[in-house]
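got a structure for you, letters missing:
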Ligand code: SF4
Ligand code: SF4
């Protein structure tokens, strides 16, 4: 598909600044060139040949979190992130080796190998040298990825069938979230299918500016998940959901059957989990940017949390970015940490003892932001619901 130029993307921009007011990197740096509107202007000048591709320009563009707060705020409907993705690809490193590393790490067939090497490095270098304390805390990649197992799960008579799009972070870093989700769905009476051949959704590769590599990944995923006889294709990662449901159709031809079935797990469970579960305590729910701004899912996770009996508390700033942003959280760790620490302090002030978020990336960021504050429990919403269901079941069995 032919994609518009940056100038075509931004021709409807009135320069009102509504996007800038919501941009987390601007709110932290208070610098126009680190805002959504500023990035559009820089890219416009670059595309017109009036600005050279300096390292400073690359930094300003690549320091976008791709949170989508700007798109959601823009009254003119400018596709700001798509324009910035275009900028990422125009300004991406041209070096042969950088491209090979990206291709090797994230291409269709080699993600397993990448995470095996990462696991090895984690135990050999990262932990022994204390990098998890000194710099970003990253969970160790698992020796047994979630997807490496039986492909159809069933428990008793089933009332329906769903597929899981697992995603790399759950598959390699947080397989327990996958186990909990499987258990919830089986206990609700669903058959669950894991699809052999699922590959990375491509979000990190897009951020790195390699749209050509994303096309391979998108075609492969669409090919294996299209035409399945399932009620829904569920994901517990908002970035995967957004990429599959919203971004793929901008890159390749996708059947509406595929798009309609891709669904965040909170939306699916909100209509089906109607028992009061056993939990008490104060909890805070953090909206992942991709779920809130990109997919407008706000009420469903809150409804599910309230069903457990937990007291849901609110922060002064109810909406706020955690600062992770995928690749951004590694390449711009200093800025990522500043945004994350601000969010952490807002959450601490609520007095909540548990922080729930339905995003593995946000969970990873908060585990880093709260690494010196062991009092806060940080849970993916699937883990939280599973724990509440388990305690409900064990209490029911005792009675
Ligand atoms: S909100 Fe939209 S119209 Fe306003 S400056 Fe940003 S991109 Fe332009
Ligand atoms: S996606 Fe987020 S970080 Fe990037 S320009 Fe838009 S608001 Fe700013």
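Structure's in. What do you need? On a predicted model such as this, the values are computed, not experimentally measured, just so you know. Numbers count the residues shown, from 1 in each chain. Ligands and ions are numbered 1, 2, ... in the order given.

ok, residue 139 - how many residues close by?
As a burial measure, residue 139 scores 15 neighbours (other C-beta atoms under 10 Å). Every C-beta, even on glycine, is put in place using the N, C-alpha and C of the backbone.

so who does it touch?
The contact partners of residue 139, by C-beta atoms under 8 Å, 6 or more residues apart in numbering, come to 173-174, 364, 367.

Surely residue 5 is in contact with residue 89?
No: applying C-beta atoms under 8 Å as the test, residue 5 and residue 89 come out as separate, 11.7 Å apart.

just the buried members of the contacts of residue 139?
173-174, 364, 367 (16 or more other C-beta atoms under 10 Å).

Nearest to ligand 1 among the residues you listed?
Ligand 1 lies nearest to residue 364 out of the buried ones among the contacts of residue 139, by C-beta to the nearest ligand atom, at 29.4 Å.

if I look at the closest one, how far off is residue 53?
Using C-beta to C-beta, to the nearest Å, we find residue 364 at a distance of 31 Å from residue 53.

give me every residue that touches residue 373.
Residues in contact with residue 373 (C-beta under 8 Å, 6+ apart) are 344, 348.

Please apply the same query to the one 4 residues further on.
For residue 377, the contacting residues are 353-355, by C-beta under 8 Å, 6+ apart.

try residue 277
With contacts defined as C-beta under 8 Å, 6+ apart, the neighbours of residue 277 are 307-309, 385, 388-389, 391-392.

Can you tell me the closest non-neighbouring residue to it?
residue 388 (3.8 Å; C-beta to C-beta, 6 or more residues apart in numbering).

what's the answer for residue 82, then?
residue 9 (5.9 Å).

and what of residue 116?
residue 141 (7.6 Å).

What are the boundaries of the strands in the stretch 201-350 of the chain?
All strands of the stretch 201-350 of the chain, identified by DSSP state E, counting those that start in this stretch, fall at 232-235, 262-264, 282-285, 311-313.

how about TSV for those, with distance to residue 83 and mean neighbour count added?
Supplementary listing: the strands of the stretch 201-350 of the chain in TSV, determined by distance: least, C-beta to C-beta, whole Å; neighbours: other C-beta atoms under 10 Å:
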stretch	distance to residue 83	mean neighbour count
strand 232-235	26	24
strand 262-264	24	24
strand 282-285	31	21
strand 311-313	36	15
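
so which of these comes closest to ligand 1?
Nearest to ligand 1, of all the strands of the stretch 201-350 of the chain, is strand 262-264, at 25.8 Å by C-beta to the nearest ligand atom.

List the neighbouring strands of the closest one plus their orientation.
If you go by DSSP bridges, strand 262-264 pairs up with strand 232-235 (parallel).

Show residues contacting the partner strand.
For strand 232-235, contacts defined as C-beta under 8 Å, 6+ apart pick out 162-167, 181, 185, 225, 241, 244, 258, 261-265, 268.
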